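> here's a sequence, model it:
(chains A and B)
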Amino acid sequence: GALVYQYPRRTICKSGTSMRMECQAVGFQATSVAWYRQSPQKTFELIALSTVNSAIKYEQNFTQEKFPISHPNLSFSSMTVLNAYLEDRGLYLCGARVTANSDYTFGSGTRLLVI
Amino acid sequence: GDSVTQTEGPVTVSESESLIINCTYSATSIAYPNLFWYVRYPGEGLQLLLKVITAGQKGSSRGFEATYNKETTSFHLQKASVQESDSAVYYCALGDPPNTNKVVFGTGTRLQVLP
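Just a heads-up that it's a prediction; the model follows:
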């Protein structure tokens, strides 16, 4: 079946440092990858949508300068939280899908704690 | 913008009792959004529970049901008899067809089923 693995599962970083998280699709081709963040007491917000061979589209309030994303092939994507601060803590979720008409398969998320 | 509002949790019910988790949506840019219920069990990723893409239709999975009601813009999740294993966080969500680039999530409802 289609699975998405995210690692690390949880991580702690010092304020002002950066943290890279990874997303691996298994059993299908991840043409599109969506990165979401769930901040404490909030719902999932879309950070950006990455489609292979297309430009990465960031949502309002999120930028490439802060959340650079790499999507080099159909099974892997990574996102870095640069210069992390307290407001960046939360659960980062990766969702991948084959085509625009297919449903996302989500990973378990990477929980980021900033101290 | 588009939004989803659902029952604020936590919701606690006893095993074999009935359950309803309310969900209403506002789709300002989409006439007929796709509607989803996702579930996140402890320690696991976000899983698609059920999906309905046609107004008036009902989706069902694992004993859960939800009917797409365009008149009331609702997509309430129901189950006649819950089990302890149903304890999880449930998210109502909408997406815009045919290119479901963005899935908009509700805040999630934590369900605890007591034995």
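> roughly how far apart are A:Tyr5 and A:Phe28?
13 Å (C-beta to C-beta, to the nearest Å). Yep, even glycine has a C-beta here, placed from its N, CA and C like the rest.
> all the strands of the chain, residue numbers only.
Let's take chain A. Using DSSP state E, the strands of chain A run over A:3-7, A:10-13, A:19-26, A:32-38, A:44-51, A:57-58, A:69-73, A:76-81, A:90-97, A:105-106, A:110-114.
> actually it's chain B I care about, not the one you picked
Assigned by DSSP E, the strands in chain B fall at B:3-6, B:11-14, B:19-21, B:23-26, B:34-40, B:46-52, B:58-61, B:64-67, B:77-79, B:88-95, B:103-105, B:109-114.
> who's more crowded, A:Tyr5 and A:Phe28?
A:Phe28 (17 against 14; other C-beta atoms under 10 Å in any protein chain shown).
> any idea of the mean pLDDT for stretch B:31-49?
The average pLDDT within stretch B:31-49 is 90.
> roughly how far does B:Ile21 sit from chain A?
14 Å (C-beta to the nearest C-beta, to the nearest Å).
> bridging residues for that residue?
When bridges are called by DSSP bridges, B:Ile21 pairs up with B:Leu77.
> A:Thr110 now?
Going by DSSP bridges, A:Thr110 forms beta bridges with A:Tyr92.
> that one: neighbour count?
Look at A:Thr110: counted by other C-beta under 10 Å, it has 24 neighbours.
> for A:Arg10, same thing?
11.
> and B:Leu114, by the same measure?
That count, for B:Leu114 with other C-beta under 10 Å as the rule, works out to 11.
> what do you get for A:Tyr58?
19.
> per-residue pLDDT, it?
pLDDT, A:Tyr58: 95.
> what's the answer for B:Pro98, then?
pLDDT, B:Pro98: 57.
> can you check the one 4 residues further on too?
We have a pLDDT of 77 for B:Lys102.
> go on, the one 4 residues further on?
At B:Gly106, the pLDDT value in this model is 94.
> my read is that it contacts B:Thr5, right?
Yes: the criterion here is C-beta atoms under 8 Å, and B:Gly106 meets it with B:Thr5 at 6.3 Å.
> quick check: neighbours shared by those two?
B:Cys23 (C-beta atoms under 8 Å, 6 or more residues apart in numbering or on different chains).
> okay, those two: which has more neighbours?
When B:Gly106 and B:Thr5 are compared for neighbours, B:Gly106 comes out ahead with 26 against 15, by other C-beta under 10 Å.
> for that one, grab phi and psi.
phi -80, psi -180 (degrees, to the nearest 10).
> for A:His71, see how far away it is.
27 Å.
> now do B:Asp2
B:Asp2 is 25 Å from A:His71, by C-beta to C-beta.
> the two: which is more packed in?
Between B:Asp2 and A:His71, A:His71 has the larger neighbour count (other C-beta under 10 Å), namely 24 against 16.
> quick one, what contacts the residue nearest to A:Glu45 when sequence neighbours are not counted?
Once flanking residues are discounted, A:Glu45 sits nearest to A:Arg37: 5.4 Å by C-beta to C-beta, 6 or more residues apart in numbering or on different chains. By C-beta under 8 Å, 6+ apart, A:Arg37 lies in contact with A:Phe44, A:Glu45, A:Ile47, A:Gly90, A:Leu91, A:Tyr92, A:Leu93.
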